[in-house]
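Asks: Next come a sequence and a model predicted from it.
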Amino acid sequence: MNPVMLGMMLSSLALGTTLTLMSSHWLLAWMGLEINTLAILPLMAARHHPRMVEATMKYFIIQAAAAALILFAANSNAWITGQWSINFNLHEFPATLITLALALKMGIAPMHFWLPEVLQGLDLTTGLILSTWQKIAPFVLMSQIMPVNSHMITLFGLASILLGGWGGLNQTQLRKILAYSSIAHLGWMILIMQFSQELALLALVLYILMTSATFLIFKFNSSTTMNSLATSWTKTPVLMAVTPLVLFSLGGLPPLSGFLPKWMIIQEMTKQGIPLTASFAALSALLSLYFYLRLSYALTLTISPNNLNTTAPWRLYPTTLTLPLALASSASTMILPLAPAMLALIIL
């Protein structure tokens, strides 16, 4: 893509998200979401590959349907209450419609079926943007209308955690595995959002860090399937030694960074008097941990047949930018000691 056009699309992505975050009017928030959607479509179809074009069309149809539902719900709420303000108490019916539309935009179960198929058709860079940046604006809007229907939100959260783990069990495509990982992590976020929006924001920030590190690692090694991971150690042996730690952090194992949000979310749900929900969420997270273990096994314990020429690429100097990869990988594995400071900030 032309650098000028690429800069315009990325600037539009930033503008759309910023407009949604700063708006207190439903129409302005809807405009920000639409700018976000229209800006990422050229990035998704940049290579004119049939799979990328198909994924772009699927994404456009889903996002258009969600945007139309948001606009209809906002109009209905203005007709019922006479208010367009986001901070004004919503009527129950428009609030339910907006929650469903935002769940569809983010890919929260049971409206998650489009996300694995769309992500599978994209390259890893665009998939990274779709899995991280595109979640911010709908996430903030959903946090602003909480709590509206706590039973529905709890059901969506538990379904996302369960289906996000269950759907990734038999996958061999890395992008589909990361899509189901995204669904599971979003389930944790919306599950705690109705009780503590600060914890939900912390979970989102750490999810973005861990997912960015995983996508950048796979892009650095040009890996898109589990079979290709077996040969990655010949390219970057040091990075492949760090990658299982990043994957275990995504799974929420201590003492890695991903353990922090799950630990604090389970603790908060127990304080709110719903220990059974917390227990079900924790047990469902074991499903996600299984396919992270599969990826780690393919990385570290599988050795593919190699000759002398294929075992030496690690000696070559890398030509890609490695600073974002190093920062994201470090943050994904070593933030847990900062938990007391984060707790103090959340309490304040």
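Replies: Done, it's in.

Asks: only C-alpha atoms for contact and neighbour calcs from this point on.
Replies: Noted.

Asks: show me where pLDDT drops low in this protein?
Replies: Within the chain, the segments meeting pLDDT under 70 span 147-149, 302-321, 346-348.

Asks: Show me it divided up by domain.
Replies: 1-145, 197-303+321-348 (automatic domain parsing).

Asks: For the ones you listed, give me TSV that also has mean neighbour count.
Replies: Below are these laid out as TSV (neighbours: other C-alpha atoms under 10 Å):
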stretch	mean neighbour count
domain 1-145	19
domain 197-303+321-348	19
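
Asks: Tell me which of these sits nearest to residue 187.
Replies: domain 1-145 (6.9 Å; C-alpha to C-alpha).

Asks: Output the domains of the chain in CSV, with distance to residue 170 appended to each entry.
Replies: Converted to CSV, those look like this (distance: least, C-alpha to C-alpha, whole Å):
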stretch, distance to residue 170
domain 1-145, 13
domain 197-303+321-348, 8
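
Asks: Out of these, which is closest to residue 159?
Replies: Per C-alpha to C-alpha, nearest to residue 159 of the domains of the chain: domain 1-145, 5.8 Å.

Asks: Quick one: distance of the closest one to the chain centre.
Replies: Using C-alpha atoms, centre = their mean, to the nearest Å, the distance from the centre of domain 1-145 to the centre of the chain it belongs to is 13 Å.

Asks: Is it correct that residue 58 falls within a helix?
Replies: Yes. With DSSP: H, G, I helix; E, B strand; the rest coil as the criterion, residue 58 is located in a helix.

Asks: Use 208 as the first number for this chain going forward.
Replies: OK, 208 is where the count begins now, so the last one is residue 265.

Asks: Residue 347 versus that one, what's the distance?
Replies: Residue 265 sits 24 Å away from residue 347 when distances are taken as C-alpha to C-alpha, to the nearest Å.

Asks: Equivalent analysis for residue 471, please.
Replies: For residue 471 relative to residue 347 (C-alpha to C-alpha), the value is 20 Å.

Asks: now swap in residue 403 and tell me
Replies: 13 Å.

Asks: Of the domains of the chain, which is nearest residue 376?
Replies: Once the domains of the chain are compared by C-alpha to C-alpha, domain 404-510+528-555 is nearest, at 5.7 Å.

Asks: tell me which element the nearest residue to residue 239 once chain neighbours are set aside falls in.
Replies: In this structure, residue 239 finds its nearest non-sequential neighbour in residue 223, 4.1 Å apart by C-alpha to C-alpha, 6 or more residues apart in numbering. Element membership of residue 223 [criterion: DSSP states H and E] is helix 210-229.

Asks: quick revisit: correct me, but the residue nearest to residue 239 touches residue 245?
Replies: No. The criterion here is C-alpha atoms under 8 Å, and residue 223 misses it with residue 245 at 9.4 Å.

Asks: Are there helices or strands packed against the helix holding residue 223, and which ones?
Replies: Contacts defined by 3 or more C-alpha pairs under 8 Å, 6 or more residues apart in numbering; DSSP states H and E place helix 210-229 against helix 233-251, helix 340-351.

Asks: Give me the helices and strands touching the first one, please.
Replies: Applying 3+ C-alpha pairs under 8 Å, 6+ apart, one finds that helix 233-251 makes contact with helix 210-229, helix 257-288, helix 340-351.

Asks: Dump those to CSV, plus distance to residue 407.
Replies: As requested, the helices and strands packed on helix 233-251 are exported to CSV (distance: least, C-alpha to C-alpha, whole Å):
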stretch, distance to residue 407
helix 210-229, 16
helix 257-288, 22
helix 340-351, 9
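
Asks: Which one of those helices lies nearest to residue 415?
Replies: Across the helices and strands packed on helix 233-251, closest to residue 415 is helix 340-351 (C-alpha to C-alpha), at 8.1 Å.

Asks: contacting residues around the helix or strand just after that closest one?
Replies: Using DSSP H and E, the next helix or strand after helix 340-351 towards the C-terminus is helix 357-374. With C-alpha atoms under 8 Å, 6 or more residues apart in numbering as the contact definition, helix 357-374 has outside contacts at 315-317, 387-398, 401, 484, 487-488, 491-496.

Asks: mind listing which of the residues you listed are in helices?
Replies: In this view, those that belong to helices under DSSP state H are 387-398, 484, 487-488, 491-496.

Asks: ends of stretch 221-237, how far apart?
Replies: 15 Å.

Asks: what does it contact?
Replies: 238-243, 274, 277-278, 281, 291-294, 343-344, 347-348.

Asks: Whichever strand or helix holds residue 407 packs against which elements?
Replies: Per DSSP H and E, residue 407 falls inside helix 404-427. Packed against helix 404-427, as judged by 3+ C-alpha pairs under 8 Å, 6+ apart, are the following elements: helix 331-338, helix 381-400, helix 444-458, helix 466-478, helix 530-540.
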